[in-house]
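J.: predicted model and sequence below, questions to follow.
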There are 2 protein chains.
Amino acid sequence: MRQASITDVAKKAGVSIGTVSNVLNHPTRVRPATVKKVQKAILELGFVRNDAARQLKAGNSTTVGLILPDASNPFFAEVSKGAEDSANEHDYSVIIGNSSENNDRESRYIQLFHEQRVGGVLISPVRGVAERVAELRQMGISSVVVDREADPTLCCSVSMDDVAGGRLAGRHLIDIGCKHIAFVGGGPEIQQTVDRLEGLRRELGEHPEVTLSVYETEEMNVLAGRSIGEKLGELETKERPDGVFAANDLIGVGVMQGLLFENNVKIPQEIAIIGYDDIDFARSTIVPMSSVRQPAHLLGSSAVELLLSELTDDEHVHRQITFQPELVVRASSSK
Amino acid sequence: MRQASITDVAKKAGVSIGTVSNVLNHPTRVRPATVKKVQKAILELGFVRNDAARQLKAGNSTTVGLILPDASNPFFAEVSKGAEDSANEHDYSVIIGNSSENNDRESRYIQLFHEQRVGGVLISPVRGVAERVAELRQMGISSVVVDREADPTLCCSVSMDDVAGGRLAGRHLIDIGCKHIAFVGGGPEIQQTVDRLEGLRRELGEHPEVTLSVYETEEMNVLAGRSIGEKLGELETKERPDGVFAANDLIGVGVMQGLLFENNVKIPQEIAIIGYDDIDFARSTIVPMSSVRQPAHLLGSSAVELLLSELTDDEHVHRQITFQPELVVRASSSK
DNA sequence: TCCTAAAATTGAATCGTTTCAATTCTAGGC
DNA sequence: GCCTAGAATTGAAACGATTCAATTTTAGGA
């Protein structure tokens, strides 16, 4: 089925194609009566502009590519919503590619987005940030790194201050009177986890009366957390922690299950728990769990703002923005 | 930064632009030595084809638009992965729009995708299926309805057989010896829930010795389920159900929490539980929960296959495909 | 009515690629 | 060397929209 073109509209309205284009793009240059005539013709023909033609001539794209490592992760779902909302406000649209943590797939989306001449790419690289940024720059593609830090002489990036998140959790556990705090989850190969533990350590550094135990896990899931929770619950009461800071919510949920179900530990009375990420899961646990929340929506929208600034402002200077998390206190740490 | 064009490549390789195009699109028409020359020039110039130009001349798009009602729903995340995998195999790509259950936003994405002349649209409409399908047809856009049924004289659709899902759950509960089954969740305004209950009723119809109680909820979340779980746990033992079929996993998790935590009911010994959707949540409950699984990935990939068939096969006949769910048995219903 | 300046409109040229008829090149046979 | 047929290459035309210099129209003043 052939779509109506701008030439058809011009013919039907009895004007030139340049006038139709002006009605579409610069309506103030056209007399109101002519505008009406053209709009009537557009309606009757069901004309919808061909963006390929527009882009080819105009040379500028109104789309931004977003490459996510894991679309089913609620965090990234929220990042993409933030990006879309912000883009929409600027008459840009976001097209999403899902790398599924696969480096080759990520490369493929970069190529595809480049063919489509997207205005820029928002990316949370599967592998090395520096390498990807260098590649994108070499291709002449503007980019913003999401949820990771990048060298601000090369491009913008938006990320979370996980050290601050760790401090928030630590401070809260101390405020509610915890003397023996356990950190559960991950290991040294996950930078975000390392940062969260670092924040906790810094906070405890000002409280020499408070002790810290660290329990690493190979996985960052509920099962891994439950296993540690069982162990903690089996400790003699005076050896148990009275506060647990979990590296993420899944770990936190698992710890809670291990404590509650296997050991009948009272939460938060005997052991308080704080998770990280504030996914829906946290809210829906048997004892609603406190969690450090990352403003994912804001991360997405800020990434778009930075990218659009780079595209439109000749004086644009790259920035590295780090967002502060907030603590959402729920039953698991209320005492 | 100006990107290299096909004219630049032709000049550098010392051939015509038609030859460069043939190297890109019909390499067998070109002598190997010439192919090599052109490819060398492409590499040196970092040439990446401009898809807007290609699409404008060639007239066919290699992208498919996917409009999701809720990107953070794991089900749709999996649908989109299936769609992407299938599209990739056919050298198509999927661009995703997120309507966030907003009808206007859905309209906006349809308009945007139409401007981009996508090959077709995969859509799970926020409102009326028939209305959307009619609109898309009027616009000359091929479409496939996802996770809903559509009139197969108008377009293809892929959906789940929720009645069969309800039968699966019912049969399993009967097989493990349940005599009093409770259905928990939703109400008559949610067709999928109605179908699941219908399936359960059909299965029980062949077992007059088994009784059924229905508990509706206003919301389909964990809290709503927990409230019902508490009520069920408070019933006299001989009035309690011995099997619960939850309308979705969140309800199921909530029922489990209400039974376990408030009433110390033994699961599955006293009451067995089956959820629906098999989200990660189900697997990670205190007693891993059985659940009816929908092949979301297959739904996505089949939708793409149907759409591409429509685009490439002159003899294409629209189909309505309904997928059979499967039951994943876990601890919550193993006895 | 004529003149002038501003408003409004026009349409050729352009964007980068694909297509395909026309042309050129090549290799084998005589 | 000439001829022929098939292989290989060429490049004008076209796709649909935007742009902007050239042209036309309009309205107000004398």
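T.: Sure thing, it's come through. Numbering: from 1, shown residues only, chains lettered A, B, ... in the order given.
J.: point out the residues in the stretch 1-150 of chain A that sit beside chain B.
T.: Selection of the stretch 1-150 of chain A residues close to chain B by C-beta under 8 Å from any C-beta of the partner chain yields A:1, A:3, A:46, A:48-56, A:71-72, A:74, A:77-78, A:80-81, A:84, A:88, A:93, A:95-98, A:100, A:108, A:111-112, A:114-117, A:138-140. In this view, the C-beta of every residue, glycine as well, is placed from N, C-alpha and C.
J.: out of these, which are buried?
T.: A:3, A:48-56, A:71-72, A:74, A:77-78, A:80-81, A:84, A:93, A:95-98, A:100, A:108, A:112, A:114-117, A:139 (16 or more other C-beta atoms under 10 Å in any protein chain shown).
J.: the helix or strand hosting A:K231 close to chain B?
T.: Element membership for A:K231 (DSSP states H and E) is helix A:222-234. Yes. On the criterion C-beta under 8 Å from any C-beta, helix A:222-234 is in touch with chain B at A:222-223.
J.: can you name the next helix or strand after that helix?
T.: strand A:243-246.
J.: one step back: among the buried ones among the residues of the stretch 1-150 of chain A next to chain B, which ones are in strands?
T.: A:93, A:95-98 (DSSP state E).
J.: which of the residues you listed sits closest to DNA strand C?
T.: A:I95 (19.2 Å; C-beta to the nearest atom of the strand).
J.: which non-adjacent residue is nearest that closest one?
T.: Distances taken as C-beta to C-beta, 6 or more residues apart in numbering or on different chains place B:I95 nearest to A:I95, at 4.2 Å, with adjacent residues excluded.
J.: so what's the one you found bridging to?
T.: Using DSSP bridges, the beta-bridge partners of B:I95 come out as B:G65.
J.: wait, what's in contact with it?
T.: Neighbouring residues of B:I95 by C-beta atoms under 8 Å, 6 or more residues apart in numbering or on different chains: A:95-96, B:63-66, B:113, B:116, B:118.
J.: repeat that for A:A296.
T.: Neighbours of A:A296 in contact, by C-beta under 8 Å, 6+ apart: A:75-76, A:78-79, A:82.
J.: try it again with 6 Å
T.: A:75, A:78-79 (C-beta atoms under 6 Å, 6 or more residues apart in numbering or on different chains).
J.: A:V329 too?
T.: A:S290.
J.: next one: A:G233
T.: A:259, A:262-263, A:265.
J.: rerun at 7 Å
T.: Neighbour list for A:G233: A:258-259, A:262-263, A:265 [criterion: C-beta atoms under 7 Å, 6 or more residues apart in numbering or on different chains].
J.: thinking again about what came up before, mind putting the contacts of B:I95 into JSON lines with pLDDT?
T.: Listed next are the contacts of B:I95 as JSON lines, based on pLDDT from 0 to 100:
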{"residue": "A:I95", "pLDDT": "89"}
{"residue": "A:I96", "pLDDT": "90"}
{"residue": "B:T63", "pLDDT": "91"}
{"residue": "B:V64", "pLDDT": "94"}
{"residue": "B:G65", "pLDDT": "94"}
{"residue": "B:L66", "pLDDT": "95"}
{"residue": "B:F113", "pLDDT": "93"}
{"residue": "B:Q116", "pLDDT": "90"}
{"residue": "B:V118", "pLDDT": "93"}
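J.: can you tell me which of the residues you listed comes closest to DNA strand D?
T.: Checking the contacts of B:I95 against DNA strand D by C-beta to the nearest atom of the strand gives B:Q116 as the nearest, at 11.6 Å.
J.: residue nearest the centroid of chain A?
T.: A:V79 (3.4 Å; C-alpha atoms, centre = their mean).
J.: what ranges do the strands span in the stretch 151-300 of chain A?
T.: Using DSSP state E, counting those that start in this stretch, the strands of the stretch 151-300 of chain A run over A:156-160, A:180-184, A:211-215, A:243-246, A:272-276, A:290-293.
J.: which stretch among the ones you listed comes nearest DNA strand D?
T.: So among the strands of the stretch 151-300 of chain A, strand A:156-160 is nearest, using C-beta to the nearest atom of the strand, at 26.4 Å.
J.: picking that back up, report the contact partners of the residue nearest to the centre of chain A.
T.: Here A:V79 is in contact with A:146, A:296, A:299-300 (criterion: C-beta under 7 Å, 6+ apart).
J.: A:A150 too?
T.: A:129, A:133, A:157, A:320.
J.: can you count the residues close to the last one?
T.: Here the neighbour count serves as a burial measure; for A:Q320 (other C-beta atoms under 10 Å in any protein chain shown) it reads 16.
J.: for the first one, same thing?
T.: If you count neighbours by other C-beta under 10 Å, A:V129 ends up with 18.
J.: for the lowest-mean-pLDDT helix or strand in chain A, packing partners?
T.: Lowest by mean pLDDT, DSSP states H and E among the helices and strands of chain A is helix A:280-283, with a mean of 84. When contacts are defined as 3 or more C-beta pairs under 7 Å, 6 or more residues apart in numbering or on different chains; DSSP states H and E, helix A:280-283 packs onto helix A:249-263.
J.: how is chain A divided into domains?
T.: Domain ranges of chain A: A:6-49, A:61-161+A:296-324, A:162-294+A:328-333, per automatic domain parsing.
J.: want to try JSON lines for those domains, with distance to B:T7 as columns?
T.: Below are these laid out as JSON lines (distance: least, C-beta to C-beta, whole Å):
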{"stretch": "domain A:6-49", "distance to B:T7": "26"}
{"stretch": "domain A:61-161+A:296-324", "distance to B:T7": "17"}
{"stretch": "domain A:162-294+A:328-333", "distance to B:T7": "46"}
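J.: which one, of those, ends up nearest to B:V15?
T.: domain A:61-161+A:296-324 (21.7 Å; C-beta to C-beta).
J.: if we can go back for a sec, of all the contacts of A:V79, which two lie farthest apart?
T.: A:V146 and A:A296 (9.8 Å).
J.: leaving out the residues flanking it, which one is nearest to A:E131?
T.: A:E131's closest residue in space is A:P125 (C-beta to C-beta, 6+ apart), at 7.8 Å.
J.: next one: A:S290
T.: A:S333 (4.1 Å).
J.: which residues touch whichever residue of the stretch 201-335 of chain A sits closest to DNA strand C?
T.: Minimum separation of the stretch 201-335 of chain A from DNA strand C (C-beta to the nearest atom of the strand) falls at A:L311, amounting to 17.6 Å. Contact analysis of A:L311 by C-beta under 7 Å, 6+ apart lists A:119-120, A:142.
J.: mind doing that once more with 10 Å?
T.: A:L311 sits next to A:60-61, A:64, A:90, A:92, A:119-120, A:142 when contact means C-beta atoms under 10 Å, 6 or more residues apart in numbering or on different chains.
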